[in-house]
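[1] Below: sequence and its predicted model.
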Amino acid sequence: MEIDGSVALVTGANRGLGLHIARELLARGAAVYATARDPGAVDLPGATVLRLDVTDQASVQAAAEAAGDVTLLVNNAGVATFSNLVDGDLDSIRLEMDTHFFGTLRMVRAFAPILGRNGGGAVVNLLSVLSWVTFLDATSYSAAKAAQWSLTNGVRLELAQQGTQVSAVHLGAADTDMMARWEIPKLDPAFVATAVVDGVARGDLEILVDDAAAGAKAALAVDLRVVYPQLA
């Protein structure tokens, strides 16, 4: 994927990883649609700002109609409610699934024809190590990210025939508002943005940003009682 001269749309570009990815794309010569539920919250000189709520089909369709020249779709918008599945609030669990799974699906369905008409292009889905492992107080988030991972694998196959590259990004904790409550080592969002754009430019189908991501993928082949000592 040639970044210079591409036209990118980034969801959730008002802060965190979305803002840094949009900024990195601009720096490399891409035109960028920076989207957010509140367009007034986007401060990114050089970008075209659009209102977009990925949980609202009408909003997604309006964005697709406004951005018919897109060649690179970055599905970054996310939410974390820190809910558990067994006793957590069902509305919170639905919100996470609606954002990460159905929100990504809405975006892919709306923009796949646009990407096809514009030569194929690429889709980038921001996932997590929690696509592959889970932790208490984040089991709902993990379930939504696991579903988003499976979705990514599926649409990659479906869009291959039109020449659309589909990349999944996995990483551990980044220093964003979403992770502010956790006192753990965190990645610089600018480092993550560079890794993401580098991976897309190389044509990587999986972008493992850090050792945590590589370790989580390797853990898929390990006995569950090793991965989760509390089950031993």
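    Yep, it's here. For clarity, every value in this text was computed on a predicted model and none was experimentally measured.
[2] can you give me the strands in this protein?
    Counting by DSSP state E, the chain has strands at residues 7-10, 31-36, 48-51, 72-75, 122-126, 165-170, 206-208.
[3] from memory Val60 sits against Val54, does it?
    Yes. Counting by CB atoms under 8 Å, Val54 is a contact partner of Val60 at 6.3 Å. Every C-beta, even on glycine, is put in place using the N, C-alpha and C of the backbone.
[4] residues shared between the contacts of the two?
    Residues touching both Val60 and Val54 (CB atoms under 8 Å, 6 or more residues apart in numbering): Arg106, Met107.
[5] what about the two, which has more around it?
    Taking other CB atoms under 10 Å, Val60 and Val54 do not tie; Val54 has more neighbours (27 against 22).
[6] what residues are up against that one?
    Thr11, Val60, Asn75, Ala77, Thr99, Gly103, Thr104, Arg106, Met107.
[7] Now with 6 Å, please.
    With contacts defined as CB atoms under 6 Å, 6 or more residues apart in numbering, the neighbours of Val54 are Thr11, Ala77, Gly103.
[8] How about it: what's its closest non-neighbour residue?
    Gly103 (3.3 Å; CB to CB, 6 or more residues apart in numbering).
[9] And the pLDDT at that neighbour?
    On pLDDT, Gly103 comes in at 98.
[10] next one: Ala173
    Reading off the model, Ala173 has pLDDT 82.
[11] How much space separates it from Leu17?
    11 Å (CB to CB, to the nearest Å).
[12] what's around the residue nearest to Val54, how many residues?
    Around Gly103 there are 27 residues (other CB under 10 Å).
[13] for Leu26, same thing?
    By the criterion of other CB under 10 Å, Leu26 has 18 neighbours.
[14] In this structure it contacts Gly46, no?
    Yes. The pair Leu26 / Gly46 is scored as a contact, 5.1 Å apart, by CB atoms under 6 Å.
[15] separation between Val133 and Tyr141?
    In terms of CB to CB, Val133 sits 12 Å off from Tyr141.
[16] wait, which of the strands of the chain is closest to Arg156?
    strand 165-170 (3.8 Å; CB to CB).
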